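S.K.: from the sequence below, what's the structure:
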Amino acid sequence: MHAVDISVLYYDENSLVMEKALLRDLKLGPSGRVVLPEQFRQGKSIIAVLGGNVEVLNLVGERAS
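M.R.: Next up is the predicted model:
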């Protein structure tokens, strides 16, 4: 198995602001899907898991210049 980098869009359980995190060198599970560390998942509602370091230009509630 090889390691992959992913971007995760999520809501923290104490906030209505969408956030992004970059997680590096994650292992793939037997099904070929990325396994998010339980420590990262705690207290979050995961919205999307994206391959690589995604540049988010605008999140809900933000204004683009």
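S.K.: from here on, just use CA atoms for contacts and neighbour counts.
M.R.: Fine.
S.K.: what helix or strand does the most centrally placed residue in the chain sit in?
M.R.: Geometric centre of the chain, nearest residue: V8, 1.0 Å, by C-alpha atoms, centre = their mean. Assigned by DSSP states H and E, V8 belongs to strand 3-12.
S.K.: for that strand, packing partners?
M.R.: Strand 3-12 sits against strand 18-27, strand 44-51, with contacts defined as 3 or more C-alpha pairs under 8 Å, 6 or more residues apart in numbering; DSSP states H and E.
S.K.: what about the following helix or strand past the first one, distance to the chain center?
M.R.: With elements assigned by DSSP H and E, the helix or strand that comes after strand 18-27 is helix 38-41. Here helix 38-41 is found 11 Å from its chain centre; the criterion is C-alpha atoms, centre = their mean, to the nearest Å.
S.K.: go on, stretch 46-57?
M.R.: On the basis of C-alpha atoms, centre = their mean, stretch 46-57 sits 6 Å off its chain's mean C-alpha point.
S.K.: okay, and for the chain, where does confidence drop off?
M.R.: Scanning the chain with the threshold set as pLDDT under 70 gives 1, 60-65.
S.K.: how about a cut-off of 80?
M.R.: For the chain, the stretches with pLDDT under 80 are 1, 59-65.
S.K.: any idea what sits nearest V56, other than its immediate chain neighbours?
M.R.: Nearest non-adjacent residue to V56, counting by C-alpha to C-alpha, 6 or more residues apart in numbering: K20, 7.9 Å away.
S.K.: hmm, the one you found is touching D12, no?
M.R.: No. If you go by C-alpha atoms under 8 Å, K20 and D12 don't touch, sitting 10.4 Å apart.
S.K.: before we move on, the earlier item: indicate which one of the helices and strands packed on strand 3-12 is closest to N58.
M.R.: Minimum separation from N58 across the helices and strands packed on strand 3-12 (C-alpha to C-alpha) falls at strand 18-27, 10.1 Å.
S.K.: give the buried residues for that closest one.
M.R.: Neighbour-count burial for strand 18-27 flags 18-20, 23, 27 (criterion: 16 or more other C-alpha atoms under 10 Å).
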